[in-house]
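# this one's sequence-less:
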């Protein structure tokens, strides 16, 4: 299965056009968006309409720049709001958890671990919050990690095959591993991932 993952578009319509050309060229089976599609809701409806026209199944979560309610209302038939939900295709289970990005602890995410463990086949975790103590959350300027301890706990306990995260622009295109789990911040221009 071919995935195209991206995050943190932040209403940049020029980058959206480049992303759409990449999607049209690569023809992924599924698109994954790890949040911050907009800058505080600006152009959100337009961006979702452009993505919907591609007629490719798209899983999306909110970041810290759009509200859960607004994004959920704007999703269409082929754009699925995945926050706190699972969606299984063949042998793969997709789970999304949006929002956050600033608090290292999220008890609501941690409370979902048993539920996800019960239904997960080969799990793919879509989150806005980069996991703590990885290349995706390290900020060299401050010489510290700024990610989510709860995301890290979720990964360690559910053991996904893939994690797509966003939020920290300094770490676009960074990749790492937590155990056997491959984690990536694909940035706004997106990355192709084969699973």
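Structure received. Only a predicted model underlies this, so the values are computations on that prediction, with no experimental measurement involved.
# Show me the contact partners of the longest helix seen in the chain.
Criterion DSSP state H: the longest helix present in the chain is helix 13-26. Outside helix 13-26, the residues that touch it by CB atoms under 8 Å, 6 or more residues apart in numbering are 2, 4, 6, 9, 31, 43, 46-47, 50-51, 54, 56, 188-190, 192. (C-beta placed from N, C-alpha, C; glycine too.)
# ok, now stretch 49-63?
Contact partners of stretch 49-63, identified using CB under 8 Å, 6+ apart, comprise 7-8, 16, 20, 23-24, 27-37, 68, 71, 75-83, 87, 94, 96-99, 101, 126-128, 166-167.
# give the contact list for the residue nearest to the spatial centre of the chain.
In the chain, the C-alpha closest to the average C-alpha coordinate belongs to residue 34, at a distance of 2.2 Å (CA atoms, centre = their mean). Neighbouring residues of residue 34 by CB under 8 Å, 6+ apart: 5-8, 61, 63, 126-128, 164-167, 185-186.
# How about residue 169?
Counting by CB under 8 Å, 6+ apart, residue 169 touches 8, 187.
# Check the gap between it and residue 78 for me.
Note on residue 169: its distance to residue 78, by CB to CB, to the nearest Å, is 28 Å.
# Separate out the buried members of the contacts of stretch 49-63.
Neighbour counting by 16 or more other CB atoms under 10 Å classes 7-8, 16, 23, 28, 30-37, 71, 75, 79-83, 94, 96-99, 101, 126-128, 166-167 among these as buried.
# Now do the worst-scoring helix or strand of the chain on mean pLDDT: distance to the chain's middle.
Comparing helices and strands within the chain by mean pLDDT, DSSP states H and E singles out helix 68-74 as the least confident, with a mean of 88. On the basis of CA atoms, centre = their mean, to the nearest Å, helix 68-74 sits 16 Å off its chain's mean C-alpha point.
# any idea of the mean pLDDT in the next helix or strand after it?
Using DSSP states H and E, the next helix or strand after helix 68-74 towards the C-terminus is strand 79-81. Averaging pLDDT along strand 79-81 gives 97.
# hmm, who's touching strand 79-81?
Residues outside strand 79-81 that contact it (CB under 8 Å, 6+ apart): 48, 51-52, 57-61, 71-72, 75, 87, 96.
# Roughly how far does the spatially closest residue to residue 166 that is not a sequence neighbour sit from residue 136?
With CB to CB, 6 or more residues apart in numbering as the criterion, residue 166 has its nearest non-adjacent residue at 2.8 Å, and that residue is residue 7. Separation of residue 7 from residue 136 (CB to CB): 11 Å.
# Good, wrapping up.
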